[in-house]
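>>> Dropping the sequence and predicted coords here.
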Amino acid sequence: MPEVRTALSEGEIVVTHGSTNVYVAEELLGCCPQRDQFLSGQMINGVLCQTAPEEKPPIIRIIRGQPMGPKPTMEETLRGFGATGVFIKGANAVDPDGNAGVFCAHPEGGTIGYAYGMISARGLQLIVPVGLEKLVSSVPKAARHLGQETLYYHSGLKVGMLTITNGIIVTEIEALQILFDVTAIHVGGGGVNGSEGTVVVAIEGEQAELDRVIKFYEGIKGEPSLNSQKAFCLNCLPTSPSLMKSKDEQFTGNEKRHCVYQGRREDELPDFFKRRTPAD
């Protein structure tokens, strides 16, 4: 994308935590530090969950093509951002109107909650890579039906949703059109035995360009998935790396339960929601 090329040569790029952004970081830098832990909230074993905050590496900052050390808060991270800067954030939902939705487990909104006001106020470039398996009919409607204080039952972590209406959305459709001179159409999805979340796309174009797409597709097909692990439920709290406050300072202890499994030992969890395999 021209925006990213310019930011790599002249500006700054922030790549936030997320499974999709692991692959974004690998394309930008050639690798992603602690790729299996470079996540935040996640859905694992069919439950809304998170990776352990103490196992999570910092978000990635790139200045004129070089990785730089993290800043302690989001305010400081974005302080020097200008018109050529790019902020890359994944999402949990996307709709046909180009809106994206991000689950918020932290009661103050987490990374996107602290960043979105500054991004919108300054008109910074926000790119949202998100897979079509996360397609919903309407992100604003979905957001109106979520909220940590409104849920009677929640499978795992309680979440609200922040709606992104001014981001540059990049699904498989846009990615194919950016990389190749083709038209891509979302035609189906789903699967079993490791193919859950599969997206089926039809592609139309000149034969030479289709051959380029096929070569590209076959080159990335079968790439190993992430081996993410959930946090220990006994001491799990949805802390945010955007705050300098400690876990105890972020949560007073007076809040309602954040997760249905909060405070449980691993041997008290349902079999489908155990933390790690014996080898780990």
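Received, thanks.

>>> and stretch 74-84, C-alpha only, in CSV?
The C-alpha trace of stretch 74-84 is given here as CSV (Å, rounded to 0.1, in the frame of the first residue of the first chain):
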residue,chain,number,x,y,z
MET,A,74,-0.2,5.3,24.0
GLU,A,75,-0.1,9.0,24.5
GLU,A,76,3.7,8.9,24.2
THR,A,77,3.6,6.4,21.4
LEU,A,78,1.5,8.7,19.2
ARG,A,79,3.1,12.0,20.3
GLY,A,80,5.3,12.3,17.2
PHE,A,81,2.9,10.9,14.7
GLY,A,82,2.3,13.0,11.7
ALA,A,83,0.4,12.7,8.4
THR,A,84,2.8,10.0,7.1
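
>>> for it, the distance to its chain's centre please.
Stretch 74-84 has its C-alpha centroid displaced from the chain centroid by 20 Å (Cα atoms, centre = their mean, to the nearest Å).

>>> So that it lines up with my notes, have the first residue be 29 from now on.
Yes, from this point I'll number from 29; that puts the last item at stretch 102-112.

>>> Could you list the buried residues of that stretch?
By neighbour count with 16 or more other Cβ atoms under 10 Å, stretch 102-112 contains the buried residues 102, 105, 106, 109, 112. To be clear about C-beta, it is placed using only N, CA and C from the backbone, and glycine gets the same treatment.

>>> now, which of these lie within helices?
Counting by DSSP state H, the buried residues of stretch 102-112 place 102, 105 in helices.

>>> Serialize the buried residues of stretch 102-112 to TSV and add fields for pLDDT.
Putting the buried residues of stretch 102-112 into TSV (pLDDT from 0 to 100) gives the following:
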residue	pLDDT
102	88
105	91
106	92
109	89
112	91
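
>>> Dump the buried residues of stretch 102-112 into CSV; add distance to residue 297 as well.
Compiled in CSV, the buried residues of stretch 102-112 are given as follows (distance: Cβ to Cβ, whole Å):
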residue, distance to residue 297
102, 33
105, 35
106, 38
109, 41
112, 47
